[in-house]
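Student: Structure here, sequence nowhere to be found:
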Ligand code: ZN
């Protein structure tokens, strides 16, 4: 892969039951993995994606009931956008209205219609007409008719504390190109996937904060370990510190904070979510990576049933 499209977006919830209901029953995503935060096993980590957990379709949540609300501003993700079929937007508007998600038809951007709305904790989300865009996903049809289903991520909007530096990371390290006629929106396209990222210039006197109803980090796709390590070396050579290589079991990762303040991750496409449970039963049981399996009884005792 020469350009890094989105792999997943991880956000924070303080109300896991409402969160689960909204992302599955209202948005129609499938809970493909119910696990714990590998760095804080007292917290659930829920993964919502398409029917098979394809990379590029997965919005995940850490359950941190005691965390304060997210504060918008520099160093945070302002909006997360999903692709939907253009002819479904009216249907979605009615559905989101009924779910108290405050849908609003927003002005077209680059000839694409879109609806902005919020999840139950004020997380800013968007559905964008995906006409002509590459991307594969396998809709889950339990709550939303497959022809209207969300088809993975369209992109994110970043509130950068240093917009020009964020732009350099996207263009020079992650393979993004400016959209024609724009100086703040960038796109990556590769092997059947597409992502668009807008860099906002927020009021630099404020500081944003990660919290409930906000995004924790944005992950970009790399095809395999070889590409992951090559990109890690390139990022470090540019003077940006990384977490080093981390085996997340479902994928392999490297984290780094881009100069504008947002936490970025690189994540491999494989091994994937079906590596420890069958495609039919994805998300039904608490899944733990092998290195946590011998602590299962203790971990389960510390979680509320869901
Ligand atoms: Zn992640």
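Tutor: Received it, and whenever you're ready, just let me know what you need. All values derive from a computational prediction rather than experimental measurement.
Student: Contacts only, for residue 55.
Tutor: Residues near residue 55 by Cβ atoms under 8 Å, 6 or more residues apart in numbering: 7-8, 221, 251, 267, 269, 272. C-beta coordinates here come from the backbone N, C-alpha and C atoms, glycine included.
Student: end-to-end on stretch 144-157?
Tutor: Distance across stretch 144-157, first residue to last, is 26 Å (Cα to Cα, to the nearest Å).
Student: returning to that earlier point: would you mind checking which of the contacts of residue 55 is nearest to residue 303?
Tutor: Distances from residue 303 to the contacts of residue 55, taken as Cβ to Cβ, are shortest for residue 8 (21.6 Å).
Student: ok, the closest one to residue 304 distance?
Tutor: Separation of residue 8 from residue 304 (Cβ to Cβ, to the nearest Å): 24 Å.
Student: ok, back up a step: please spell out the PyMOL selection for the buried subset of the contacts of residue 55.
Tutor: The PyMOL selection below is limited to those of the contacts of residue 55 classed as buried (16 or more other Cβ atoms under 10 Å):
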select buried, resi 7+8+221+251+267+269
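Student: With pLDDT, secondary structure and distance to residue 172 added, can I get the contacts of residue 55 in CSV?
Tutor: Output for these, formatted as CSV (pLDDT from 0 to 100; DSSP: H, G, I helix; E, B strand; the rest coil; distance: Cβ to Cβ, whole Å):
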residue, pLDDT, secondary structure, distance to residue 172
7, 97, strand, 20
8, 98, strand, 23
221, 97, strand, 18
251, 95, strand, 24
267, 98, strand, 20
269, 94, strand, 23
272, 91, coil, 29
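Student: quick one: contacts for residue 57?
Tutor: 29, 49-50, 137, 150-153.
Student: still on that earlier bit, could you export the contacts of residue 55 as CSV, including distance to the ion?
Tutor: As requested, the contacts of residue 55 are exported to CSV (distance: Cβ to the ion, whole Å):
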residue, distance to the ion
7, 8
8, 6
221, 12
251, 8
267, 6
269, 14
272, 14
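Student: mind pulling up the phi and psi values for residue 177?
Tutor: Main-chain dihedrals, residue 177, degrees, to the nearest 10: phi -120, psi 140.
Student: Going forward, count from 57.
Tutor: New numbering, starting at 57: the last item is residue 233.
Student: now it, which residues is it bridged with?
Tutor: Taking DSSP bridges, one finds residue 243 as the beta-bridge partners of residue 233.
Student: can you pull the contacts of it?
Tutor: Contacts of residue 233 by Cβ under 8 Å, 6+ apart are 227, 242-244.
Student: re earlier: from the contacts of residue 113, which land in strands?
Tutor: Those of these mapping onto strands are 105, 209, per DSSP state E.
Student: Out of the contacts of residue 113, the closest to residue 355 would be?
Tutor: Using Cβ to Cβ as the measure, the one of those that approaches residue 355 most closely is residue 105, at 22.7 Å.
Student: Around the ion, which positions in the stretch 257-362 of the chain sit nearby?
Tutor: Taking Cβ under 5 Å from the ion as the criterion, the neighbours of the ion within the stretch 257-362 of the chain are 275, 321.
Student: now the strands for the stretch 257-362 of the chain?
Tutor: Assigned by DSSP state E, counting those that start in this stretch, the stretch 257-362 of the chain shows strands spanning 271-278, 302-303, 307-313, 319-327.
Student: and the gap between residue 124 and residue 112?
Tutor: Residue 124 is 30 Å from residue 112, by Cβ to Cβ.
Student: higher neighbour count, the two?
Tutor: Comparing residue 124 with residue 112 by other Cβ atoms under 10 Å, the one with more neighbours is residue 112, at 25 against 12.
Student: Mean pLDDT per element in this protein, and the minimum belongs to which helix or strand?
Tutor: None of the helices or strands of the chain scores lower by mean pLDDT, DSSP states H and E than strand 160-165, at a mean of 91.
Student: tell me what that strand is packed against?
Tutor: Under the contact definition 3 or more Cβ pairs under 8 Å, 6 or more residues apart in numbering; DSSP states H and E, strand 160-165 sits against strand 168-174.
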